[in-house]
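Q: Sharing a model prediction with you, sequence too.
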Amino acid sequence: MGKLTIKDIAREAGVSITTVSRVLNNKEEGMSQKTREKVLRVMEEVNFQPNKLARGLVTKRSNMLGLIVPNISNPFFPELCRGAEDEANKRNYSLIICNSDDQSQKEENYLRLLQEQQVDGILLSSKNRLSKTSKNQLQSGKIPYVLFDRGEEASNQSGVFLDNERGGYLAGKHLTDLNHTQIACMTGPTEIQNSQQRLLGFRRSLKEASVQLPQSFVLIGDFQMESAYRLAKEFLQNNTVTAIFASNDLMACGIYQAAHELGIQIPDQLSIIGFDDIPLVTALIPKLTTIRQATYEMGRKAIELLINEIENKSSEGVVFEPTLIVRESTKKLKRGVDI
Ligand code: RIB
């Protein structure tokens, strides 16, 4: 038997080609359940495989979405992708996941590829601010897009972000509430807005508690574990602090490793607080106190907004609140001394 067309299905089911097309594209408003079931039964009996390209030409939809993240090797992003993919699949969309490796050129190449694949929409966590090229590609391609996690929080643009300044503030306040006064901060890359915001919030909480943050106590990290280890080892050999705020959990892991090698006990001699609450951190000993992002839900929500953009042309910006998760890696001091 040659390849069946929707014309064959219509004839077998005794309905019009339009009816079969409407069943194929889930546009069954006003259609009787009996007719719908008859068409689906015939399709199943002949194992009908609709021509996706032809279907896309009719509906102008591919039912595919693109997602670009800046660093798939960081456990934060797979958690984000998990939430995004579950919501996409629930809404009958496939998801193409791309990794830009924090490189604008790769990001631009993937944007071009996704447009060539005729995705219905794009979810983008840019390295930081969208490059001019990326922005032009998105706007000229007339493909709905939503920014999430990173990229400017333009008010007229759908996006899902965290209140990073609040997150940095919560981290600093937790440490000053525990009477720490000799505190260091390891930031992410300074060009990334998330890092800048977290440091701003951290500075605000220390200022409120009249705790100084010398510039030498601000360590410029890159959100990676390896360099955080080297930075922390060098810093801890030459400085005495009782607490460090790491702007993401991976860097907190690097600080753990450095402290262990230097024989520094966590939290008795050094309190550490991270940021993200990636699943991995509950395996650390002692368990890491951190600032939690509702990462899975952020990914899910971003897809929900993108599909709303595609199907209803609605735009919405959503800012998630961070939460402090106190575990075992931070300790209260007597006023300036150990308890
Ligand atoms: O850990 C990676 C960081 O980059 C996370 O804090 C997340 O906000 C992303 O931007």
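A: That came through fine.
Q: what about the residue of the chain at minimum distance from the ligand, neighbour count?
A: Closest to the ligand within the chain is residue 248: 3.5 Å, counting by Cβ to the nearest ligand atom. From N, CA and C alone the C-beta is placed, and that goes for glycine too. Neighbourhood size, residue 248 [other Cβ atoms under 10 Å]: 29.
Q: isn't it right up against residue 277?
A: No: in this structure residue 248 lies outside contact range of residue 277 using Cβ atoms under 8 Å: 10.1 Å.
Q: Quick check: neighbours shared by these two?
A: Applying Cβ atoms under 8 Å, 6 or more residues apart in numbering, one finds that no residue jointly contacts residue 248 and residue 277.
Q: show me where the protein has helices.
A: 6-13, 17-24, 33-45, 52-59, 76-90, 104-116, 132-140, 164-177, 193-208, 225-238, 249-261, 295-312 (DSSP state H).
Q: To residue 329, which of these lies closest?
A: For the helices of the chain, the distance to residue 329 is smallest for helix 249-261, at 7.9 Å, taking Cβ to Cβ.
Q: gap between residue 237 and residue 264?
A: Distance of residue 237 to residue 264, computed by Cβ to Cβ, to the nearest Å: 10 Å.
Q: For the closest residue to residue 133 other than its chain neighbours, the count of nearby residues, please.
A: Nearest in space to residue 133, with sequence neighbours left out and distances taken as Cβ to Cβ, 6 or more residues apart in numbering, is residue 108 at 5.0 Å. Counted by other Cβ under 10 Å, the residues lying close to residue 108 total 18.
Q: Quick one: name the residues of this structure near the ligand.
A: 74, 76, 149, 150, 194, 223, 248, 250, 275, 276 (Cβ under 6 Å from any ligand atom).
Q: So what's the residue count around the closest residue in space to residue 261 that isn't next to it in sequence?
A: Nearest residue to residue 261 in three dimensions, chain neighbours excluded: residue 233, at 6.7 Å (Cβ to Cβ, 6+ apart). Residue 233 is flanked by 17 other residues according to other Cβ under 10 Å.
Q: okay, the helices of the chain in CSV with mean pLDDT next?
A: Converted to CSV, those look like this (pLDDT from 0 to 100):
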stretch, mean pLDDT
helix 6-13, 86
helix 17-24, 81
helix 33-45, 86
helix 52-59, 53
helix 76-90, 96
helix 104-116, 91
helix 132-140, 80
helix 164-177, 98
helix 193-208, 96
helix 225-238, 97
helix 249-261, 98
helix 295-312, 94
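Q: export those to JSON lines and tack on distance to residue 124?
A: Output for those, formatted as JSON lines (distance: least, Cβ to Cβ, whole Å):
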{"stretch": "helix 6-13", "distance to residue 124": "35"}
{"stretch": "helix 17-24", "distance to residue 124": "30"}
{"stretch": "helix 33-45", "distance to residue 124": "36"}
{"stretch": "helix 52-59", "distance to residue 124": "22"}
{"stretch": "helix 76-90", "distance to residue 124": "11"}
{"stretch": "helix 104-116", "distance to residue 124": "8"}
{"stretch": "helix 132-140", "distance to residue 124": "8"}
{"stretch": "helix 164-177", "distance to residue 124": "18"}
{"stretch": "helix 193-208", "distance to residue 124": "14"}
{"stretch": "helix 225-238", "distance to residue 124": "25"}
{"stretch": "helix 249-261", "distance to residue 124": "22"}
{"stretch": "helix 295-312", "distance to residue 124": "9"}
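Q: residues touching the residue nearest the centre of the chain, list them.
A: Nearest residue to the geometric centre of the chain (Cα atoms, centre = their mean): residue 80, 4.2 Å. Each residue near residue 80 by Cβ under 8 Å, 6+ apart is listed here: 69, 125, 148, 149, 295, 296, 298, 299.
Q: Spit out the contact partners of residue 93.
A: Residue 93 neighbours (Cβ under 8 Å, 6+ apart): 63, 64, 65, 120, 303, 307.
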